[in-house]
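Asks: next one to model:
(chains A and B)
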Amino acid sequence: MREPAANETALGEALLAAEDVSLSFGGVRALTGVSFDIRKGEIRAIIGPNGAGKTSMLNVVNGFYQPQSGRITFKGEVRKSMRPYAAARGGIARTFQNLALFRGMTTLDNILAGRTLKMHRGFFWQLLRYGPALREEVEHRRRVEEIIDFLEIAAIRKVQVGRLPYGLQKRVELGRALAMEPDLLLLDEPMAGMNLEEKEDMSRFIIDVNQQYGTTIALIEHDMGVVMDLSDRVVVLDYGRKIADGTPDEVKRDKDVIRAYLGETH
Amino acid sequence: MPSLDPSVDTLPKLLIHNASTFGSRPAMRHKDLGIWQTWTWAQVLDEVRAFSIGLGELGLKRGDKFTIIGTNRPRLYWAMCAGQALGAIPVPVYADAVAEEMAYVLAHAEVTLAVVEDQEQVDKLIAIAERLPQLSQIVYDEPRGLKDYNHARLISFEDVQAIGRKKLASDAGCGQRWEAGMRAGKGKDLSVILYTSGTTGRSKGVMLTYENTIISARNANAFDRLDENEQVIAYLPLAWIGDYIFSYVQAFTAGYCVNCPEAQDTVVQDRREIGTTYAFAPPRVYENLLTITMVRMADAGRLKRKVFDFFIAVARRWGEKILDREKVPLRARLLYALGEFFVYGPLKNQFGLSRVRIGYTAGEAIGPELFSFYRGIGLNLKQLYGQTEASVYVTAQPDGKIYPDTVGTASPDVELKISDSGEVLYRSPGVFAGYYKDPEKTAEVLTPDGWVHTGDAGFFDPKNGQLKIIDRAKDVGHLSDGTVFAPKYLENKLKFYPNIREAVAIGAGREFACAMINIDLTAVGSWAERNNVVYASYQELAANPRVYDLIAQHIDETNRSLSEEEVMAGAQIHRFLILHKELDPDDGELTRTQKLRRGHIIDRYSPLVEAFYDGSTEAQITTEVTFEDGHKGTIAARVAIRDLKPHPVAAAKSAKMERAA
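Replies: Numbering: from 1, shown residues only, chains lettered A, B, ... in the order given. Here you go, the predicted model:
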């Protein structure tokens, strides 16, 4: 029973634009001439059947892959070659399809790790744990605690991540990405392998992140129901090409999309 | 010194008294962002006053009803007191109630204002807003997710306080007027309406005056020598009389500190950090702690397990005697001290019970084995018997006179008697003023000379004079051959097994007793893991024949122990089944306080009940279920029924329990 507000369908300027991006590995064409944009404040979904190039697209966005041709504009600047850490520094955070947490560390430490880029005091200051370094640490810890509160994971604050069930690990990973205070949050299949209840929880967290922090979110997801409920706009890939782009309703009615998902009648 | 001054006769007056007596002592703590935040009595008064004046500005006035919905957070307790200071009456509602249940209570109580925890509760209220035309304001504590809501009738707790503070600053006489208004409240005034969850039918609004609760709380504090040094943790539902008395009225009368946990699922850790001295929990909580422990021990190494088993046996043998200061041989004392070091101490520490001076269990009968276990490891666990209608206390066990199967002697100022039909009646200063807008129901329960019918069957134990409760009076029945059949008695015996979460005994008017079982997913799941039993869901695990074997063993042991009790021997369980779904309050199978609603369950599962008695070995059942978000669905299953051989009756007949029947 949420009363929808005016800013819900974000119509802001483009935060990131991909123009005519092509990527191939040897002879395999992962992406062919894909163009789309992500607007400030929206939840943007990238969907498509298996092998459609969704994760490749995400990897191009955060600088893990270099496209052979095409242009990526992020925050109004055209990006040439970019390394993942530079993307992170620039305000792009992500979670992974198969989780990439530090399994031996606690939830708290994992999320704190997400603050690495925000730590300014050097190694020796940290070692001293005094004055500005101490103040900085307290501030980081406060931010982390806010995220723990936000994601309702207080009960597992000091539990080793490796001992947690999958759904909770996913939540911790989201927490770590949030700790970076990103401008753009990339989620690679945030609901994969979850049961209905966990999916509902995760959807709510994604909406809350978007609303509360105004974070722009791009997500890849298989579960069509989830995508249609969550996203403001959807881009559909198939065999590395963009076949549709628009609001969930537009995309749902698109013939090419239906064909890609359900196959053609023979 | 806690106030015993009879002129301090309302909770807001107690707050003022405490702020001047204990000003700088902690009154409340809340763990927020991982850190315990503390408020002294003086600070609480300041918060309450600002909020109260703010509420007054919003239009809340004497005689109005307002609701409190949420988990145990300081602000929700303050809100109760703030409203009471204006002469308004809080009607707390169970936070996990679905919108439907809420609508009934709020409409019945004519609630005009709501103070709620968060978005979830705001959503529920918006969903039922049409049916609550008199509800004009919703105040929320946690702003998350509410930014874009229409704020015409919605305001944050801080904003209400800001209104109050502004008024205090701009209007010099405001503080005095507020205090004068608060002083106009009297002990005889209605202080709270608590809706009982009720094992049958619609919930009833129990009206309690300040006097009811304050006298009961003062008596209880004196009985257990509670003072301003106690620490308690508030984690039980706000709408429950237990929490209202323990975390609010007793805290205000004794001046002790109430600690609010960080979240519902951090209670055990939080309790451990605080080191509570006075604990209160329904048997279920103690049961869960023990189940978790037993599961972990089953996974522990052999040496650890041996040590654990050995010292638990020592504790069972000697622990209670040592706790009751009886004469115990030196060897046992030494062994027990060793056990304290290796097992009991660490165990109590894990449970967060190391510093507990007095622990109560109530709300439901506790399994004697479970009770003895905790007392054995040195926890001064006692039983009490109470009701919302009595402001909790009817009976309690005095220190040193503890028996697992009784609920104690009459609490201070309480008179007790047993009616001819075996029902327990009481009369006390805590007796309620009646059910709200329901004089008929009031007349059924409350006699003109002040006695209350509890609806429970009981008797005084001839050995120690303490009250013994058998079951709900209307639930005690007979098998078709006249054998006494007390379902709850059987169920409690079964539920002692960690693998059995819930049991429903059936047999009234039938030839023999049967049981429907809910397995405990944690315990049986861990057993399954160790025994290579593969399962994907509760339903699949419950239907596994090896799980049936496991449960059959437990029931067989129960039957053997029943065969040794003359009166109950005839009520051994002949057939049982494991239900395909967990019993759930959302489906009306349990009350919000997790008590079985037996009648409803028997109706709902009537095909299974019939199958028990027509000899079938399995039965088809389709049930409607309600999901957390209110959607409905159905579950269908074929449930197997297993037969058991009853044990021969062992002992000779004695007439001990017969009066009870």
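
Asks: switch to C-alpha atoms for all contacts and neighbour counts from now on
Replies: Will do.

Asks: confidence score at residue 224?
Replies: Chain wasn't specified; assuming chain A. Per-residue confidence (pLDDT) for residue A:224: 78.

Asks: was after chain B, sorry
Replies: At residue B:224, pLDDT is 92.

Asks: could you list every residue that touches it?
Replies: residue B:358 (CA atoms under 8 Å, 6 or more residues apart in numbering or on different chains).

Asks: same check, this time on the one 5 residues further on
Replies: Neighbouring residues of residue B:229 by CA under 8 Å, 6+ apart: B:255, B:256, B:257.

Asks: just give the number of residues close to the closest residue to residue B:227 other than its chain neighbours.
Replies: Nearest residue to residue B:227, sequence neighbours excluded (CA to CA, 6 or more residues apart in numbering or on different chains): residue B:254, at 4.9 Å. If you count neighbours by other CA atoms under 10 Å in any protein chain shown, residue B:254 ends up with 25.

Asks: cool, the one 3 residues further on as well?
Replies: In terms of burial, residue B:257 registers 27 neighbours under the definition other CA under 10 Å.

Asks: likewise for the one 3 residues further on?
Replies: Around residue B:260 sit 26 other residues, with neighbours defined as other CA under 10 Å.

Asks: got phi/psi on the nearest residue to it once chain neighbours are set aside?
Replies: Excluding its sequence neighbours, the residue lying closest to residue B:260 (CA to CA, 6+ apart) is residue B:30, at 4.6 Å. Main-chain dihedrals, residue B:30, degrees, to the nearest 10: phi -150, psi 130.

Asks: so what sits opposite residue B:30 in the bridge?
Replies: residue B:37, residue B:260 (DSSP bridges).

Asks: contacts only, for it.
Replies: B:36, B:37, B:38, B:73, B:74, B:259, B:260, B:261, B:262.

Asks: write the ChimeraX selection for whichever of those are buried.
Replies: Selection of buried members from these for ChimeraX, criterion 16 or more other CA atoms under 10 Å in any protein chain shown:
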select /B:36,38,73,74,259,260,261,262
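
Asks: closest to chain A among the contacts of residue B:30?
Replies: Using CA to the nearest CA, residue B:262 comes nearest to chain A of the contacts of residue B:30, at 7.3 Å.

Asks: residues contacting the residue in the stretch 201-350 of chain B positioned nearest to chain A?
Replies: In the stretch 201-350 of chain B, no residue comes nearer to chain A than residue B:266, which is 4.9 Å away by CA to the nearest CA. Contacts here follow CA under 8 Å, 6+ apart; on that basis residue B:266 touches A:154, A:155.

Asks: shouldn't it be within a helix?
Replies: Yes - counting by DSSP: H, G, I helix; E, B strand; the rest coil, residue B:266 is found in a helix.

Asks: tell me the pLDDT at it?
Replies: pLDDT recorded at residue B:266 is 91.

Asks: ok, now how distant is it from residue A:35?
Replies: 47 Å (CA to CA, to the nearest Å).

Asks: next: residue B:304.
Replies: Residue B:304 is 62 Å from residue A:35, where distance means CA to CA.

Asks: residue A:44 now?
Replies: Distance from residue A:44 to residue A:35, by CA to CA: 14 Å.

Asks: and for residue A:173?
Replies: Noted for residue A:173: a distance of 29 Å to residue A:35, by CA to CA.

Asks: okay, residue B:304 and residue A:35: which has more neighbours?
Replies: A direct count of neighbours by other CA under 10 Å for residue B:304 and residue A:35 places residue A:35 higher, at 18 against 14.

Asks: state the mean pLDDT of stretch A:256-264.
Replies: According to the model, stretch A:256-264 has a mean pLDDT of 76.

Asks: wait, what's in contact with the residue most central in space within chain B?
Replies: The centroid of chain B falls nearest to residue B:282 when counting by CA atoms, centre = their mean (4.5 Å). Listed by CA under 8 Å, 6+ apart, the contact set of residue B:282 reads B:361, B:362, B:363, B:364.

Asks: for residue B:617, what are its contacts?
Replies: Residues in contact with residue B:617, defined by CA under 8 Å, 6+ apart, are B:611, B:640, B:641, B:642.

Asks: dump the residue contacts of the third one.
Replies: In other words, residue B:641. Going by CA under 8 Å, 6+ apart, residue B:641 touches B:575, B:576, B:577, B:578, B:612, B:616, B:617, B:618, B:619.

Asks: for the most centrally placed residue in chain A, which non-adjacent residue is spatially closest?
Replies: Geometric centre of chain A, nearest residue: residue A:186, 1.6 Å, by CA atoms, centre = their mean. Spatial nearest neighbour of residue A:186, chain neighbours left out: residue A:94 (4.4 Å); criterion: CA to CA, 6+ apart.

Asks: cool, and residue B:344?
Replies: In space, not counting the residues next to it along the chain, residue B:344 is nearest to residue B:377; the distance is 5.3 Å by CA to CA, 6+ apart.

Asks: hang on, the one you found packs against residue B:346?
Replies: No - using CA atoms under 8 Å, residue B:377 makes no contact with residue B:346, being 10.4 Å away.

Asks: higher neighbour count, these two?
Replies: Between residue B:377 and residue B:346, counting by other CA under 10 Å, residue B:377 is the more crowded of the two (26 against 15).

Asks: could you check how far the more buried one is from chain A?
Replies: According to CA to the nearest CA, to the nearest Å, residue B:377 stands 27 Å off from chain A.

Asks: and for residue 66, the neighbour number?
Replies: The chain I'm using is chain A. 19.

Asks: other chain: chain B
Replies: Count around residue B:66 with other CA under 10 Å applied: 28.

Asks: just to revisit the earlier point, pLDDT for the contacts of residue B:30 - can I get that in JSON lines?
Replies: Listed next are these as JSON lines, based on pLDDT from 0 to 100:
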{"residue": "B:36", "pLDDT": "95"}
{"residue": "B:37", "pLDDT": "96"}
{"residue": "B:38", "pLDDT": "97"}
{"residue": "B:73", "pLDDT": "95"}
{"residue": "B:74", "pLDDT": "97"}
{"residue": "B:259", "pLDDT": "97"}
{"residue": "B:260", "pLDDT": "97"}
{"residue": "B:261", "pLDDT": "95"}
{"residue": "B:262", "pLDDT": "93"}
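
Asks: what is the nearest of the contacts of residue B:30 to residue A:19?
Replies: residue B:262 (47.7 Å; CA to CA).

Asks: least confident secondary structure element in chain A?
Replies: Lowest mean confidence among the helices and strands of chain A (mean pLDDT, DSSP states H and E): helix A:123-128, at a mean of 72.

Asks: whatever helix or strand comes next after that helix packs against which elements?
Replies: Of the helices and strands lying after helix A:123-128 in sequence (DSSP states H and E), the nearest is helix A:132-150. Contact here means 3 or more CA pairs under 8 Å, 6 or more residues apart in numbering or on different chains; DSSP states H and E; on that basis helix A:132-150 packs against helix A:107-113, helix A:123-128, helix A:166-179.

Asks: out of these, which gets nearest to chain B?
Replies: Counting by CA to the nearest CA, chain B lies closest to helix A:107-113 out of the helices and strands packed on helix A:132-150; the figure is 10.6 Å.

Asks: so residue B:336 makes contact with residue B:313?
Replies: No - judged on CA under 8 Å, residue B:336 makes no contact with residue B:313 at a distance of 10.1 Å.

Asks: between these two, which one's more packed in?
Replies: More neighbours surround residue B:336 than the other of residue B:336 and residue B:313, with 25 against 15 (other CA under 10 Å).

Asks: how about the contacts made by that one?
Replies: Residues in contact with residue B:336 (CA under 8 Å, 6+ apart) are B:311, B:314, B:315, B:318, B:319.

Asks: which element, helix or strand, includes it?
Replies: With DSSP H and E as criterion, residue B:336 is part of helix B:330-339.
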